[in-house]
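Q: pasting a predicted model and its sequence here:
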Amino acid sequence: MQLELLKNGERQSASAVASEFEIITVTPQAEGRTELRLKIPIIDLQGYWTPADRTPNARINWVIQAESTVQRNFPFISFFNSAQMNRCSVGLDCIYDDVAITAKMNQETCDYELLIIVTAPAGSEPFKVIVNRRDQLWTRCLADWRNELKQPELHFPEAAWHPVFCTWYAVHAAVTAPWVEETAREAARLGFGTYIIDDGWCFDDMKRVSPETIGTWYEMIGDWDVSEKKFPEFEKHIRRVQDMGLKYMVWVTPFLIGLKSRLYREIEGCMFAKSAEGCQVFNTANVDAGRIIIDKLASLMEKYPLDGLKVDFLDSVLPSIDDPHGRITRRFIEDLSNAIRNGNAEALIEFRQNYATFGMLPYATQFRAGDVPFDFIDNFQRLAQIRISIGDGVPVHADPVYWHPRETTANISRHMIASLVGVPMLSMDLNKVSESEKRIIAHWLGFYKEHLETFSQGKWDIRYGAAAVNWIAANGAKSRIVILSEPHCLAEAVTAGGTEPQYVLNLTAEALAHPGARAFDCFGQAVEDGAAPSGGYLQL
C-alpha cells in the first residue's frame with residue numbers, strides 16, 4: 001500500500017504503508033492545495049464511517065465523500081467488517097484546514113481509491129497522515145488518531161456537568177420572564193442545575209416553529225437586544241432565577257445575520273450571498289466585521305449577570321477546498337470564546353453536534369447532540385457519535401428530551417435513559433407535565449447525580465452492531481453503568497466489564513432479567529419478579 005503525493009494529477013512522491021500503524025508527514029504544496037492518493041483493498045470490508053455519519057454505514061458505496069473544516073466534522077474515514085473490526089482507517093492532523101476525502105470503488109482492481117485534498121496556506125507547517133490497519137474495533141482507531149494530535153489544555157467548570165433545562169421545544173420563541181421563573185422553580189426542585197433561554201429572548205414576536213413562521217424565522221437576529229416586552233428588568237429576572245440555584249444562559253448565533261437587523265445594514269456585503277429563513281451567513285474572512293459581532297456578544301456577558309452562552313450554528317460556514325475558511329473561522333471562534341470568558345473564567349459555552357470536534361475542545365465547556373425532538377433513539381446515537389469523536393472526560397450534553405403529552409410511561413423513561421449517555425437535558429413545559437412524569441424525571445436526574453463520578457470521569461465503551469449502537473457503558477472506579485438498546489446483547493454487555501456494582505439501564509422495548517440481579521421500574525421502585533420493564537433497570 002502506498003500514499004502518493006500528487007501535483008496536477010501527476011505523482012510527485014510516494015510513501016510505503018507497510019506496518020499496521022503508519023504516520024506519514026506531508027509538506028503542503030506551495031500552491032496551497034495538496035492532493036494525496038491511497039488505495040485500500042476491499043477485503044473483508046462491509047462498512048464505513050465518517051464524522052458526518054451518526055451511525056456506521058452497513059454497506060460499501062461506490063462513492064463516499066467527506067468534507068471537513070475546523071468547525072464542521074474532521075478529516076477521518078474508517079473502513080471495517082461486519083464484526084466492526086477495523087480494516088483501514090485514515091485520519092489527518094490538519095484539523096484547522098478545509099479537507100475533502102473522496103473514496104471511489106475500482107471494480108477492476110478491487111480497491112477503494114482515496115483522493116485526499118487539503119487546502120492550507122503557502123508556508124504552512126507539515127501535516128500528518130495516520131494510516132491505521134490494526135485489527136481492532138474501528139472506534140478505537142479514533143482514539144489512536146486523537147493521540148497523535150497536539151493535546152490542548154482543557155478546563156471544564158463543575159457546572160458543565162449539571163443537568164440542564166432548555167426552553168426551546170417547550171415554547172420556542174413564545175418565551176416570557178414569568179413563564180421562565182415559574183418553570184425554573186420547578187426545574188430546580190426536580191434537580192436541574194442550569195437553565196437555558198433559547199431563541200426568542202431578543203425580539204418581541206411570540207411565535208412557535210411552523211411551516212408559516214420558519215421562512216422568516218431569523219430575520220431579526222444579530223442585534224442581541226433583550227426584548228423588554230418579554231423580559232422587563234432583565235437583570236433582576238436573571239438574579240431571581242439564579243437565587244433558585246440555577247445557572248442562567250442565553251442562546252446566540254454569531255454567523256446568522258437577520259435581513260431586518262441593524263447589524264445587517266452595518267456590515268452589509270460581509271455575508272455569503274445565499275439567504276435562508278430570513279438571514280444570511282456571515283463570511284468570516286471579514287475580520288473587522290467579525291470584531292463587531294464578537295463585541296456585541298461579549299457585551300451581553302458584561303451588561304448582565306449571565307453564566308454563559310449557548311453558541312449555535314457555527315457550522316453554517318461550510319467546508320470548501322475551493323474557498324477555504326477554516327483557519328480564519330477558528331480564529332473568530334477562539335476570539336469569541338476568550339471574550340465570553342474574559343470576565344468569568346467559569347463561564348459556560350455550549351457548542352452543537354457538527355462542531356463537537358477535537359479542534360473545538362478548547363473553546364467550549366459542553367457539546368450538545370443535534371436537534372432530535374421526540375426521538376430518544378437518535379439522541380442515544382448522536383451522543384455516542386460525539387463521545388467516540390472527542391473522547392472521555394468531556395461534558396457531552398443530550399439534546400433536550402421532549403415527548404408528546406400522551407406518551408407512555410415506559411417511553412418517557414426511555415427518553416431519560418437515552419439522555420444519560422450525556423448530561424441530561426429537558427425541554428418540557430413543567431407547568432403542564434403530570435406528577436407521574438415529574439417522578440420519572442426526578443428519579444433519573446437523581447440516578448445521574450448519584451453516579452456523577454462514573455458518568456463524568458469514567459471510561460466509555462461504545463459497541464456498535466451492523467448499523468447502530470448495541471450498548472454503551474460508563475466504566476468508573478465505583479460503579480459500571482450500561483445503557484442497553486439491543487436485548488440480545490445483555491450477556492455480552494454485562495460480561496464486558498468487571499466493576500461492581502453494575503447497573504443495566506433498559507432502553508429496549510422488552511423486559512430484561514439476569515441471574516442474581518435486582519430489578520427496578522421507571523420510577524426506581526423494586527420489581528418483585530426480577531425483570532426490569534422497558535424504561536427500568538437492573539442492578540447486579
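A: Nice, I can see it. Numbers count the residues shown, from 1 in each chain.
Q: for the nearest residue to Thr119 once chain neighbours are set aside, helix, strand, or coil?
A: The shortest distance from Thr119 to any residue other than its chain neighbours is 4.2 Å, reached at Pro324 (Cβ to Cβ, 6 or more residues apart in numbering). Quick note: C-beta positions are derived from backbone N, CA and C, even for glycine. Here Pro324 is recorded as coil under DSSP: H, G, I helix; E, B strand; the rest coil.
Q: quick one: contacts for Pro324?
A: With contact taken as Cβ atoms under 8 Å, 6 or more residues apart in numbering, Pro324 is in contact with Thr69, Asp97, Asp98, Thr119.
Q: where in this protein is pLDDT low?
A: 7-8 (pLDDT under 70).
Q: what do you get if the cut-off is 80, keeping everything else the same?
A: Applying pLDDT under 80 to the chain picks out residues 1-18, 467, 498-500.
Q: which residue lies nearest the spatial centre of it?
A: With distances taken as Cα atoms, centre = their mean, the chain has Gln353 as the residue nearest its mean C-alpha position (2.8 Å).
Q: hang on, that residue packs against Gln366?
A: No - counting by Cβ atoms under 8 Å, Gln353 does not reach Gln366; the two are 11.9 Å apart.
Q: could you pull out the helices for the stretch 251-400 of the chain?
A: 262-266, 287-303, 326-341, 376-390 (DSSP state H, counting those that start in this stretch).
Q: what's the closest of the ones you listed to Pro28?
A: Taking Cβ to Cβ as the criterion, helix 326-341 is the member of the helices of the stretch 251-400 of the chain that comes nearest to Pro28, at 12.4 Å.
Q: list the contacts of Gly465.
A: Gln84, Glu486, Cys489.
Q: any idea how far it is from Gln280?
A: For Gly465, the distance to Gln280 equals 42 Å [Cβ to Cβ, to the nearest Å].
Q: nearest residue to Ala30 other than its sequence neighbours?
A: In space, Ala30 is closest to Ala122, 5.4 Å off (Cβ to Cβ, 6+ apart).
Q: element containing the one you found?
A: Ala122 belongs to no helix or strand when assigned by DSSP states H and E.
Q: what about it, neighbour count?
A: By the other Cβ atoms under 10 Å criterion, the neighbourhood of Ala122 contains 9 residues.
Q: how about it, phi and psi?
A: Main-chain torsions, Ala122, degrees, to the nearest 10: phi -60, psi 140.
Q: go on, the one 5 residues further on?
A: Phi and psi for Phe127, reported as degrees, to the nearest 10, are phi -120, psi 160.
Q: from Val26, how far out is it?
A: Applying Cβ to Cβ to Phe127 and Val26 gives a distance of 6 Å.
Q: overlap in contacts, the two.
A: Between them, Phe127 and Val26 have Val118 as joint contacts when contacts are counted by Cβ under 8 Å, 6+ apart.
Q: so the residue lying closest to Thr176 once chain neighbours are set aside, which of the three states?
A: Excluding the flanking residues, the one nearest Thr176 by Cβ to Cβ, 6+ apart is Lys230, at 4.8 Å. Remark: Lys230 carries the secondary structure label coil [criterion: three-state DSSP].
Q: Ala398: how many residues sit nearby?
A: Applying the criterion other Cβ under 10 Å, we find 27 residues in the vicinity of Ala398.
Q: contacts only, for it.
A: Arg368, Ala369, Asn379, Leu383, Ala418, Ser419, Leu420, Val421, Gly422, Val423, Pro424, Met425.
Q: would you mind giving those as JSON lines with distance to Leu507 and neighbour count added?
A: As requested, these are arranged in JSON lines below (distance: Cβ to Cβ, whole Å; neighbours: other Cβ atoms under 10 Å):
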{"residue": "Arg368", "distance to Leu507": "20", "neighbour count": "28"}
{"residue": "Ala369", "distance to Leu507": "15", "neighbour count": "28"}
{"residue": "Asn379", "distance to Leu507": "10", "neighbour count": "26"}
{"residue": "Leu383", "distance to Leu507": "12", "neighbour count": "31"}
{"residue": "Ala418", "distance to Leu507": "6", "neighbour count": "29"}
{"residue": "Ser419", "distance to Leu507": "11", "neighbour count": "28"}
{"residue": "Leu420", "distance to Leu507": "9", "neighbour count": "24"}
{"residue": "Val421", "distance to Leu507": "9", "neighbour count": "28"}
{"residue": "Gly422", "distance to Leu507": "14", "neighbour count": "27"}
{"residue": "Val423", "distance to Leu507": "17", "neighbour count": "25"}
{"residue": "Pro424", "distance to Leu507": "14", "neighbour count": "28"}
{"residue": "Met425", "distance to Leu507": "17", "neighbour count": "25"}
